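> let me see the structure of the following:
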Amino acid sequence: MGKVNQEKTFDALAIRDTSNHDGATINNFDFQLKTIIIENGLNQIVTLQCQASAHANFDNPIDIGSPFDVAANTNSYQTQDAFFPYMRVKAICVTAPTTGTLTIHFIQYAEG
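Numbers count the residues shown, from 1 in each chain. Okay, here's the model as predicted:
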């Protein structure tokens, strides 16, 4: 049976501006596959960028793939099968939301 873990990089974050917001660092040392579940309860589109680093303090982060948009009041997901020791998600809204929150879960899986 495989090993499963769930962590949140954003936990009900009430974004009310157009600034960059860096999510909490997710440790991936024991996991190969990640599904990133996005719950955008904001009343605006949020643009997300997955990032990785070799360092827990995120010195010299690497963008993983291209930024992607999640529509207002929409749930979505992304998968990631490349190994990175540490990951996070960066979020920004072009128009400041006035209601709602953003929650992003990393669901991690390892064989064994």
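> now do the strands in this structure.
Secondary structure of the chain, counting by DSSP state E: strands at 3-13, 21-22, 26-27, 33-40, 46-53, 62-70, 74-80, 86-92, 102-110.
> can you list the weak-confidence ranges in this structure?
Under the criterion pLDDT under 70, the flagged ranges of the chain are 1.
> spatially nearest residue to the residue most central in space within it, not counting backbone neighbours?
The residue at the geometric middle of the chain, judged as the C-alpha nearest the mean C-alpha position with CA atoms, centre = their mean, is V89 (3.6 Å). Leaving aside its sequence neighbours, V89 sits nearest to G23 (CB to CB, 6 or more residues apart in numbering; 4.5 Å). To be clear about C-beta, it is placed using only N, CA and C from the backbone, and glycine gets the same treatment.
> please tell me how far G2 sits from Q80.
Taking CB to CB, to the nearest Å as the measure, G2 and Q80 are separated by 16 Å.
> R16 now?
29 Å.
> who has more neighbours out of these two?
The neighbour count for R16 versus Q80, taken as other CB atoms under 10 Å, is higher for Q80 (19 against 13).
> next, count neighbours for the nearest residue to the more buried one once chain neighbours are set aside.
The spatially closest residue to Q80, leaving aside those adjacent along the chain, is K34, at 4.5 Å (CB to CB, 6+ apart). By the other CB under 10 Å criterion, the neighbourhood of K34 contains 23 residues.
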